[in-house]
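Engineer: I'll drop the sequence and a predicted model, then ask my questions.
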Amino acid sequence: MAGTFGELLREQRIAAGLSMGQLAKLIHYSKGYLSKIENDVKPPTPTVARLCDGVLGAGGKLIEAALFSPPALGRRQVLLAGTMLGVGALAGVGPRPVPDEHLIAGMRTSFEHLRLLGMGTSPMVLLEPLKALQHTVHGLARENTGPVGTRLLRLAARIAEYTGWMSQEAGDEQGAMWWTRQASELSRAAGDPDIASYTFVREAGLALYRQDSSSTVNLAQQAQWIGQAGSRVLALAARREAQGHALAGNRSAAEQAFDRAAQPMGVAQHDSPYPVLGSSAPDPLELARGWSLCDLGLTAEAATVLERQLSLLPATSRRSRARFGTRLSLAYALSGEVDQSCGALAATIEDAAHVDSATVRTDLRQLARTLGRWHNHSAVREIYPDLKRLLAER
């Protein structure tokens, strides 16, 4: 029974009938680098573990083993921590008139407009208006009881949840967590099971970008177990659980979670006090499946799924196009398809520049490291300056 990661890798490689040189060619890394990993001189990176697992058909064993190996020196956190500003900005504001339907509808419309802007611009443009709107709606909810107060609380919870997402996109994980938990508290006070459950999905998303598969799965499962959330939220929670299982290298559990997520996601009620929760993509489950195949080391399959789904995204969905376009480019690069990777990146880079996303930049940095292995390739030389400029902007 293999002990270290290197021993397990050697065991799986020999069982597959491959020499070290053959495996190195299949995963597009040097034989010398792979030798250092197999001899436990260097710890495995998550990317190498996933590629080896996929090529050798190890069923997640190598991915799981890598999780318990010593981390590579200099590993950085996926998201940058920041300081959440503006808490308590409502202090000192006096009582206001009881809001009528026109005012409530206007505040919801303001929020919907901000969300539309969020599909295609920097979160830094949105955060202060979102915080101001949330404080106003929350303040009105505190001053009113009955159905009006409940509707305002639900809207305040939805704005807080989205503010948490934009904080994460801005690279402020501390602020993202604060706003997400604020949304959870408000939704419970308003008796809204959808947002109460969905906040666990949002926290699971934070864990996913920290490469914390266990927390991703646990938080996503909590979203499915608590309360009486609607079918769409339950499907989105199962989707996030599947991503967590894939990150851990457990393909079987990931596929089972995706199967649960495939049940009807439901639609927002016409009289809902807030826009529909979750991704606005035509098929968020398939996009996540493509992402997960890449995490499982099945990069060629991932590229096929992501290419197909990206063609369905409208031009206005710049944030989604940037996120999954970067993932497509990364999947091609990890498959050794350098020209296709650079082509996908060229089609993505303008969207990525517009949305200014910290989470997308996480994948772009990995992509830059991966393409750097082919720094003499003509397509890489052509696109690399644009990629470096994009990463240097923040």
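Structural biologist: Perfect, thanks for sending it.

Engineer: tell me how far Met124 lies from Asp172.
Structural biologist: Distance, Met124 to Asp172, by C-beta to C-beta, to the nearest Å: 10 Å. C-betas here are computed from N, CA, C, even on glycine.

Engineer: with Leu390 instead?
Structural biologist: 20 Å.

Engineer: higher neighbour count, those two?
Structural biologist: Comparing Leu390 with Asp172 by other C-beta atoms under 10 Å, the one with more neighbours is Asp172, at 24 against 20.

Engineer: which phi and psi does that one have?
Structural biologist: phi -110, psi 90 (degrees, to the nearest 10).

Engineer: can you check the one 3 residues further on too?
Structural biologist: With angles defined as degrees, to the nearest 10, Gly175 sits at phi -70, psi -40.

Engineer: ok, it touching Trp165?
Structural biologist: No - if you go by C-beta atoms under 8 Å, Gly175 and Trp165 don't touch, sitting 10.8 Å apart.

Engineer: the more surrounded of these two?
Structural biologist: Using other C-beta under 10 Å, the more surrounded residue of Gly175 and Trp165 is Gly175, with 24 against 21.

Engineer: how near is that one to Ala288?
Structural biologist: To Ala288, Gly175 is 25 Å away according to C-beta to C-beta.

Engineer: also Leu56?
Structural biologist: According to C-beta to C-beta, Leu56 stands 25 Å off from Ala288.

Engineer: same question, Gln12
Structural biologist: From Gln12 across to Ala288, the span is 27 Å (C-beta to C-beta).

Engineer: when the two are compared, which one has more neighbours?
Structural biologist: Neighbour count, other C-beta under 10 Å: between Gln12 and Ala288, Ala288 has more, with 25 against 22.

Engineer: wait, what's in contact with that one?
Structural biologist: 239-240, 242-243, 258 (C-beta atoms under 8 Å, 6 or more residues apart in numbering).

Engineer: which among those residues gets closest to Lys31?
Structural biologist: Set against Lys31, the nearest of the contacts of Ala288 by C-beta to C-beta is Gln243 (32.4 Å).

Engineer: and that closest one, which of the three is it?
Structural biologist: Under DSSP: H, G, I helix; E, B strand; the rest coil, the three-state class of Gln243 is helix.

Engineer: and the top helix by length along the chain, what's buried?
Structural biologist: Longest helix in the chain, counting residues (DSSP state H): helix 146-169. In terms of neighbour count (16 or more other C-beta atoms under 10 Å), helix 146-169 has its buried residues at 148-169.

Engineer: likewise stretch 349-363?
Structural biologist: Buried residues in stretch 349-363 (16+ other C-beta under 10 Å): 349, 351-352, 354-363.

Engineer: now render these as CSV, adding pLDDT, distance to Leu186 and secondary structure.
Structural biologist: CSV is the format used below for those (pLDDT from 0 to 100; distance: C-beta to C-beta, whole Å; DSSP: H, G, I helix; E, B strand; the rest coil):
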residue, pLDDT, distance to Leu186, secondary structure
Ile349, 95, 38, helix
Asp351, 96, 32, helix
Ala352, 96, 32, helix
His354, 93, 31, helix
Val355, 94, 27, helix
Asp356, 94, 28, coil
Ser357, 95, 26, coil
Ala358, 94, 25, helix
Thr359, 94, 24, helix
Val360, 96, 28, helix
Arg361, 95, 30, helix
Thr362, 93, 29, helix
Asp363, 94, 32, helix
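
Engineer: can you list those in CSV and add distance to Ile383?
Structural biologist: Shown next, in CSV, are the buried residues of stretch 349-363 (distance: C-beta to C-beta, whole Å):
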residue, distance to Ile383
Ile349, 8
Asp351, 15
Ala352, 12
His354, 17
Val355, 19
Asp356, 19
Ser357, 19
Ala358, 21
Thr359, 21
Val360, 16
Arg361, 16
Thr362, 19
Asp363, 15
